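Visitor: turn this into a structure:
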Amino acid sequence: MEALIESGAACSVINTGLAQQLKLKSQPSDGPRDRMVTATGQKIWIIGTTTMDLYFCGAKIEHVVVVVEDLTPNFVLGMNFLIDDHSHLNFTTKPPTLTLFDDMVEISMRPRFDDTNCASVINTTVIPAYSEAYVTVHTPQRFNNSNVLLEHAECVCSISVAGALAFCKDNKVVCKILNMNPYVVTLKRGMKIAKVLGLDKIASIQRCDDEDRTDDRSQESIVSRTDLDKFHKDYGFKIKPALDEDKRYEALQLLYRYKSVLLAL
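Guide: Numbers count the residues shown, from 1 in each chain. Below is the predicted model of the structure:
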């Protein structure tokens, strides 16, 4: 089971749906029904409290959590958990870690990645080795008919997803994906491959005018034909004889520009 570690939350909370799924017995709150205010200003009803048995790498912790309605994510561990169990959050390591009982237990953490903030593959897609592909993905309902920011998810290692600004229509958007591996990668239907963020997560943005852009190729020095002939001989490229002299040297110039890639193959 996954949980969000939230040092800004005063207490730990769990959604009623997850509490029922885990068959937890809730103790109703005394007095009139109360509400809790989230970090976003949303008010959610408090149902009661329950005691959970939490297991971390074999260590058992009894922890009292508040049961609430309409909570996303489903389970949040707050400051009372961090203080009561002598826990520490270490963000200097990669990935960040949570330590318990004065560093006796260490647990790796990762960013939240679920149906509320990720894009999932609609149809099973096969991407050949060393290839790029455009894949249509399903986005969360709350982002429908709005602009979003797509980012690569750290927990997805087999591919790379290009960061992009996109518009979600009918809960769908297109991702540009790179398979940098020497083997075929299969993206199965429903696989979560990218993070979806609202534009409110962008700290700053800068306009880029076409006139400010420079062609890097124009800045490169042109290699002499003598050096290109030596480069051709050393690497033994097979160039189509039908090419005229100018086209042949253009092809060699292109190969020379990316010779670092050739050396890596």
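Visitor: after the worst-scoring helix or strand of the chain on mean pLDDT, which helix or strand is next?
Guide: Lowest by mean pLDDT, DSSP states H and E among the helices and strands of the chain is helix 216-219, with a mean of 49. Using DSSP states H and E, the helix or strand that follows helix 216-219 in sequence is helix 225-235.
Visitor: what residues does that following helix touch?
Guide: Helix 225-235 has contacts (C-beta atoms under 8 Å, 6 or more residues apart in numbering) with 223, 239, 249, 252-253, 255-256, 259, 262. (Each C-beta comes from the backbone N, C-alpha and C, glycine too.)
Visitor: so for the following helix or strand past that helix, what gets flagged as buried?
Guide: The first helix or strand that comes after helix 225-235 along the chain, using DSSP H and E, is helix 245-257. By 16 or more other C-beta atoms under 10 Å, the buried positions in helix 245-257 come out as 248-249, 251-253, 255-256.
Visitor: same question, stretch 92-101
Guide: 97-100.
Visitor: His88: which of the residues you listed is nearest?
Guide: Proximity of the buried residues of stretch 92-101 to His88 (C-beta to C-beta) peaks at Thr99, which lies at 4.8 Å.
Visitor: circling back: closest to Pro111 out of the contacts of helix 225-235?
Guide: Of all the contacts of helix 225-235, Pro111 sits closest to Leu262, with 36.6 Å by C-beta to C-beta.
Visitor: adding distance to Ala19 and pLDDT as columns, could you present the contacts of helix 225-235 in CSV?
Guide: CSV is the format used below for the contacts of helix 225-235 (distance: C-beta to C-beta, whole Å; pLDDT from 0 to 100):
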residue, distance to Ala19, pLDDT
Val223, 69, 84
Ile239, 69, 85
Tyr249, 72, 88
Leu252, 68, 88
Gln253, 67, 88
Leu255, 63, 85
Tyr256, 65, 86
Lys259, 61, 78
Leu262, 59, 64
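Visitor: could I get these as CSV with distance to Asn90?
Guide: As requested, those are exported to CSV (distance: C-beta to C-beta, whole Å):
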residue, distance to Asn90
Val223, 50
Ile239, 56
Tyr249, 56
Leu252, 52
Gln253, 50
Leu255, 48
Tyr256, 47
Lys259, 43
Leu262, 42
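Visitor: which pair in the residues you listed spans the largest distance?
Guide: Spatially, the most separated pair among the contacts of helix 225-235 is Tyr249 and Leu262, at 17.4 Å (C-beta to C-beta).
Visitor: Ala10 and Gly78 touch, don't they?
Guide: Yes. Contact criterion C-beta atoms under 8 Å: Ala10 and Gly78 qualify, at 5.8 Å.
Visitor: neighbour count for those two, which is higher?
Guide: Gly78 (19 against 11; other C-beta atoms under 10 Å).
Visitor: now Ala67, what's its secondary structure?
Guide: Actually, residue 67 is Val. It isn't Ala. Three-state assignment for Val67 (DSSP: H, G, I helix; E, B strand; the rest coil): strand.
Visitor: nearest residue to the residue positioned nearest the centre of the chain other than its sequence neighbours?
Guide: Closest residue to the average C-alpha location of the chain: Ala153 at 1.9 Å, with C-alpha atoms, centre = their mean. Using C-beta to C-beta, 6 or more residues apart in numbering and skipping the chain neighbours, the partner closest in space to Ala153 is Lys195 (5.1 Å).
Visitor: taking the buried residues of stretch 92-101 one by one, which sit in helices?
Guide: Among the buried residues of stretch 92-101, none falls in helices (DSSP state H).
Visitor: inside strands: which ones of those?
Guide: Within these, residues falling in strands by DSSP state E are 97-100.
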